[in-house]
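**Q** Fold the stuff below for me.
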Amino acid sequence: MYQLLRQIARTGIVTEPAPQADESLRQIEQRLSEAVLKHFGRSLAIRHVDAGSCNGCELEIHAANGPHYNLERLGVRFVASPRHADLLLVTGPVSRHMETALRRTYDATPEPKLVVAIGDCGCTGGIFGESYASCGRVANVIPVDVAVPGCPPTPVAIMQGILTAATSRS
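**A** Numbers count the residues shown, from 1 in each chain. All right, here's what the predicted structure looks like:
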């Protein structure tokens, strides 16, 4: 036990520093908040659909909704039902087992609906591509309005994708 405590004292703190808010993040936050108010007149309701991902993108989505980026204060909230959603946030390559569920979720979302594909797998099929077990990218199953590449994309890139989708709404 003593050796372990001595090693901990020698090593010190090894966590990475907290991210610092820069000017580009502040501008995206301001533009996103204004777009939500202008185009939706209330909060933007998002339904997240995991269509077969490795959960790397989900971690970044949770980070974007966490205390540092805090999407909730910008008027963006996640909902449990597609019937209450304005936007679908889809991650991962669409597995054959999720194809029908994704189509049903898309059909249950009221018009006008927006779809954002998150990550390389959602945008291009990633390393999985199209196979007997995978339909490939999200656009092969439902129409996609905005694609956010990255493996996984940063929370700022996800926020930028949501902003692009929100401002593209007519």
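**Q** packing partners for the longest helix anywhere in the chain?
**A** In the chain, with assignment by DSSP state H, the single longest helix is helix 23-40. Judged by 3 or more C-beta pairs under 8 Å, 6 or more residues apart in numbering; DSSP states H and E, helix 23-40 is in contact with helix 155-168. Heads up, the C-betas are built off the backbone N, CA and C, glycines and all.
**Q** List the contacts of stretch 45-55.
**A** 58, 61, 76-82, 84-95, 97-98, 101-102, 105, 109, 119, 121-122, 128, 134, 138, 141, 162 (C-beta atoms under 8 Å, 6 or more residues apart in numbering).
**Q** picking that back up, just how off-centre is the longest helix of the chain within its chain?
**A** Remark: helix 23-40 is offset 16 Å from the chain centroid, using C-alpha atoms, centre = their mean, to the nearest Å.
**Q** list the buried ones in that helix?
**A** 25, 28-29, 31-33, 35-36, 39-40 (16 or more other C-beta atoms under 10 Å).
**Q** after that helix, next one along is what?
**A** Downstream of helix 23-40, the next assigned helix or strand under DSSP states H and E is strand 44-50.
**Q** buried ones in the next helix-or-strand element following that next one?
**A** Heading C-terminal from strand 44-50, the first helix or strand you meet, by DSSP H and E, is helix 56-64. Under the neighbour-count criterion of 16+ other C-beta under 10 Å, helix 56-64 has 56-58, 60-61, 63-64 buried.
**Q** do the same with stretch 163-170
**A** Those would be 163-166, 169, for stretch 163-170 by 16+ other C-beta under 10 Å.
**Q** Also stretch 73-88?
**A** Buried positions in stretch 73-88, judged by neighbour count with 16+ other C-beta under 10 Å: 74-78, 82, 85-88.
**Q** likewise stretch 142-153?
**A** In stretch 142-153, the ones that count as buried by 16+ other C-beta under 10 Å are 142, 144-150, 152-153.
**Q** Using JSON lines, lay out the residues you listed together with distance to residue 2 and pLDDT.
**A** JSON lines is the format used below for these (distance: C-beta to C-beta, whole Å; pLDDT from 0 to 100):
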{"residue": "142", "distance to residue 2": "60", "pLDDT": "95"}
{"residue": "144", "distance to residue 2": "58", "pLDDT": "95"}
{"residue": "145", "distance to residue 2": "60", "pLDDT": "94"}
{"residue": "146", "distance to residue 2": "56", "pLDDT": "95"}
{"residue": "147", "distance to residue 2": "55", "pLDDT": "95"}
{"residue": "148", "distance to residue 2": "50", "pLDDT": "95"}
{"residue": "149", "distance to residue 2": "50", "pLDDT": "94"}
{"residue": "150", "distance to residue 2": "45", "pLDDT": "91"}
{"residue": "152", "distance to residue 2": "41", "pLDDT": "88"}
{"residue": "153", "distance to residue 2": "45", "pLDDT": "92"}
